[in-house]
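Enquirer: Quick check, what structure comes out for this input:
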Amino acid sequence: MANFQTVQDRIAERYSEIIDEPADFIKSINKPLKQSFRINTIKGKKEEIVNKIRDYDSNIKNVKWCDNAFISNLTNLGSSIEHFSGQIYIQELTSMIPPIIVQDLLQKNRIIDCCAAPGSKTTQIANIMENKGHIIANDSRHARIKSLRGNLDRLGITNTTVTLRDFQSFPNTDAEVYFVDAPCSSEGTVRKKNAVTRKWKEKDYERFNKIQKGLLKKACQMSPIGSTVVYSTCTFAPEENEDVVNSIINEENMELKKISLNGMKMGKGITNWKKTEYDGNVEKCARIWPHHNDTGGFFIARMEKC
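Expert: Prediction:
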């Protein structure tokens, strides 16, 4: 009988050379991820909403690096009146990081969320902007636009224009910040109950790599000098992370910026994978490992047009 290998086993095996504490990593990805949520202050005062949630879960914990983020022991907050009324948004913690690392740039400016559906980051950005300025939320998949619009309506977001288009053919549009949360293999979500991960083949990573390079290249090409592009995925695969960033930064004259967040342990981007060497500046990218912060896995790159 052939040995059965779980998705978790395959992930641990594939990335064993770049994981600092393999035993802790394996333990963490086999442990269910607690539900996290974000307070939507467009719909009410943070303290009042938190007190309502405490009626369900008195042990909710505030997240050190995000004032509006909390962790709950419950699994059914999606059935709460606070969810239906848009006072909270259920969102994985790592997904909240990209807007936070550039929140000083989000005040009353034009922002483009290139792959926006279902709206986690778009609604978070709107919250940070206090529903002012202008967000263009684009997605290429018609089926997902409905959920994007629904979340914008539920959370009371009024500063956002929704567009349905393949971003690689999007008309050149100036903005202060471009978010490229690219489609990926989603390996970093392996701890979620309904994780979409599967046993990917090498050709799948190549397929995602091509899509991701196209999206990031387009965002960098249309970005004016001095603007910022934030690239992110929820996967561990260097083919979808450092390899994508490495191929674009010099070609499109982008300067990588170091990323840090108080209370969040971040690993550096790797500069070597399967005998491929990357630009040393790729170390400025950030890797979020599940065993470092009890979260999912995530990758982020922040770059500025020179």
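Enquirer: all helices for this protein, in order.
Expert: Applying DSSP state H to the chain gives helices spanning 7-14, 22-29, 46-54, 81-84, 97-101, 120-128, 142-154, 202-222, 242-249, 290-293.
Enquirer: so of these, which one's packed in deepest?
Expert: Highest mean neighbour count among the helices of the chain (mean count of other Cβ atoms under 10 Å): helix 120-128, with a mean of 25. C-beta here means a position set from N, CA and C on the backbone, and glycine is covered the same way.
Enquirer: Report the inter-axis angle for that helix versus helix 142-154.
Expert: 20 degrees (axes from the mean of the first three to the mean of the last three Cα atoms, to 10 degrees).
Enquirer: Please put the alpha-carbon coordinates of helix 120-128 into PDB.
Expert: What follows is helix 120-128, C-alpha atoms only, in PDB (Å, rounded to 0.1, in the frame of the first residue of the first chain):
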ATOM      1  CA  SER A 120     -11.500  42.000   2.800                       C
ATOM      2  CA  LYS A 121      -8.800  44.500   2.000                       C
ATOM      3  CA  THR A 122     -11.000  47.000   0.100                       C
ATOM      4  CA  THR A 123     -13.300  47.400   3.100                       C
ATOM      5  CA  GLN A 124     -10.400  47.600   5.500                       C
ATOM      6  CA  ILE A 125      -8.800  50.300   3.400                       C
ATOM      7  CA  ALA A 126     -12.100  52.200   3.300                       C
ATOM      8  CA  ASN A 127     -12.200  51.900   7.100                       C
ATOM      9  CA  ILE A 128      -8.700  53.400   7.400                       C
END
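Enquirer: Check which helices and strands that helix sits against.
Expert: Using 3 or more Cβ pairs under 8 Å, 6 or more residues apart in numbering; DSSP states H and E, the elements in contact with helix 120-128 are strand 88-90, helix 97-101, strand 110-113, strand 134-139, helix 142-154, strand 177-181.
Enquirer: picking that back up, now the helices of the chain in a markdown table, with mean pLDDT and distance to Phe170?
Expert: Compiled in a markdown table, these are given as follows (pLDDT from 0 to 100; distance: least, Cβ to Cβ, whole Å):
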| stretch | mean pLDDT | distance to Phe170 |
| --- | --- | --- |
| helix 7-14 | 91 | 33 |
| helix 22-29 | 96 | 35 |
| helix 46-54 | 96 | 35 |
| helix 81-84 | 97 | 32 |
| helix 97-101 | 98 | 19 |
| helix 120-128 | 98 | 16 |
| helix 142-154 | 96 | 15 |
| helix 202-222 | 96 | 7 |
| helix 242-249 | 97 | 17 |
| helix 290-293 | 97 | 33 |
